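*Asks:* Quick one: sequence and predicted model below, then my questions.
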Amino acid sequence: MPAIPQWMIDRNITPTSAAVAPQPPTPQPLGDGPGTELLQIIHDLTDGKIPPCQECKALARRMNAWGVAGCREHIEEIVADIKPRADKWFDRDATEGGWLATLKANAPDFAKRAGIRHYVVKAIDQYDRKRRDAIPDGQLLTTQQTNA
């Protein structure tokens, strides 16, 4: 057996430990929030044919961390984040055929942004409703109560 190089000894590395491949980081759960709602809407729209990519999951985590109010404040940033990936989806659908897919792929930029924005707002509103529905009756404060 060859001698162990000094640099391995200095770093307390054995040939066995060096041969073990590092494990990829465990993905963080998405949790609940507007981002998770948006991923579910996209899943439903595509019949599950488009699994969420890492960029989509990262955006969903940011949206969940922002919450409803934060997502409303960052809506243009969210739409801009999604747009390049949506363009790829539209282009791929157009190459698979169908007049509707071709129409979507060739839609003007503002129309694509409006469509994306529609689903982002829908996700935010859906999560907001779920959150409010989870609050027991009598515990939901009205605006007048909070300003009193």
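*Replies:* Perfect, I can see it now. None of these values were measured; they are calculated from a predicted model. Numbers count the residues shown, from 1 in each chain.
*Asks:* So in this protein, which helix runs the longest?
*Replies:* Ranked by residue count and defined by DSSP state H, the top helix of the chain is helix 109-133.
*Asks:* That one: which residues count as buried?
*Replies:* For helix 109-133, a neighbour-count test (16 or more other C-beta atoms under 10 Å) marks Lys112, Arg113, Ile116, Arg117, Tyr119, Val120, Val121, Ala123, Ile124, Tyr127, Asp128 as buried. Placement of C-beta: from N, CA and C, glycine included.
*Asks:* how close does the fifth one get to Pro84?
*Replies:* It stands for Tyr119. Using C-beta to C-beta, to the nearest Å, Tyr119 is found at 16 Å from Pro84.
*Asks:* if we can go back for a sec, who touches the longest helix of the chain?
*Replies:* Contacts of helix 109-133 with the rest of the structure, by C-beta atoms under 8 Å, 6 or more residues apart in numbering, involve 32-38, 40-42, 45, 63, 68, 71-72, 75, 78-79, 82-83, 86-87, 90, 104, 107, 140.
*Asks:* Give me the PyMOL select line for these, limited to the buried ones.
*Replies:* In PyMOL, a selection of the buried entries from these looks like this (16+ other C-beta under 10 Å):
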select buried, resi 33+34+35+36+37+38+42+63+68+71+72+75+78+79+82+86+90+104
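*Asks:* Among the contacts of helix 109-133, which ones are in helices?
*Replies:* Assigned to helices by DSSP H, the following of those qualify: 34-38, 40-42, 45, 63, 68, 71-72, 75, 78-79, 82-83, 86-87, 90, 104.
*Asks:* give the contact list for the most centrally placed residue in the chain.
*Replies:* Nearest to the geometric centre of the chain sits Ala60, at 2.8 Å (C-alpha atoms, centre = their mean). Counting by C-beta under 8 Å, 6+ apart, Ala60 touches Leu30, Gly33, Gly35, Thr36, Leu38, Leu39, Pro52.
*Asks:* All good on my end, thank you.
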